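Novice: turn this into a structure:
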Amino acid sequence: MLVTLFSAAAPGINVANGVLSTGTFPSAQFTIKTGVTLDSVLVLLRTGKAYVNVHTVANPSGEIRGQLTSK
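Specialist: Next up is the predicted model:
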């Protein structure tokens with residue numbers, strides 16, 4: 001995991017409009033595994049190999065996964 005985009009424990013969450021999370025995050029919030037560099041993460045993003053994985057109580061190992069792409 002690199003960044004937590006959304007946590008159900010976050011206060012004031014309103015999903016009525018279908019948006020769980022918006023905004024930016026500083027690099028200090030990244031949790032990168034030992035031996036993985038930020039440059040290698042950028043390569044994954046730029047080559048379409050980065051993804052988002054959603055974990056739920058019912059499926060803690062992953063409910064759904066989506067590839068990240070550029071506009």
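Novice: which residue ranges of the chain form helices?
Specialist: With helices called from DSSP state H, the chain shows them at 38-46.
Novice: hmm, what's the outermost residue in it?
Specialist: Distance to the chain centre peaks in the chain at Ala16, reaching 20.7 Å (criterion: Cα atoms, centre = their mean).
Novice: low-scoring pLDDT stretches of this protein, where are they?
Specialist: Low-confidence segments of the chain, defined by pLDDT under 70, span residues 1-3, 6-15, 20-21, 25, 29, 71.
Novice: strands of that one, start to end?
Specialist: 51-54, 64-67 (DSSP state E).
Novice: of those strands, which is nearest Leu42?
Specialist: strand 51-54 (14.7 Å; Cβ to Cβ). Just so you know, the C-beta spots here come from the backbone N, C-alpha and C atoms, and that holds for glycine as well.
Novice: among the strands of the chain, which is the most enclosed?
Specialist: When you average the neighbours per residue for each of the strands of the chain (mean count of other Cβ atoms under 10 Å), strand 51-54 leads with a mean of 12.
Novice: CSV for the strands of the chain, including distance to Ile32?
Specialist: Supplementary listing: the strands of the chain in CSV, determined by distance: least, Cβ to Cβ, whole Å:
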stretch, distance to Ile32
strand 51-54, 16
strand 64-67, 19
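Novice: check contacts around Leu38.
Specialist: Leu38 sits next to Ser27, Phe30, Ile32 when contact means Cβ atoms under 8 Å, 6 or more residues apart in numbering.
Novice: now with 7 Å, please.
Specialist: Contact partners of Leu38, counting by Cβ atoms under 7 Å, 6 or more residues apart in numbering, are Ile32.
Novice: distance check, it against Thr24.
Specialist: In this structure, Leu38 and Thr24 are 15 Å apart, going by Cβ to Cβ, to the nearest Å.
Novice: can you check Pro60 too?
Specialist: From Pro60 over to Thr24 the distance is 27 Å, taken as Cβ to Cβ.
Novice: more neighbours, the two?
Specialist: The residue with more neighbours, out of Pro60 and Thr24, is Pro60; 8 against 5, by other Cβ atoms under 10 Å.
Novice: now Thr24: how far from Leu5?
Specialist: Counting by Cβ to Cβ, the gap from Thr24 to Leu5 is 11 Å.
Novice: I appreciate the help and will end here.
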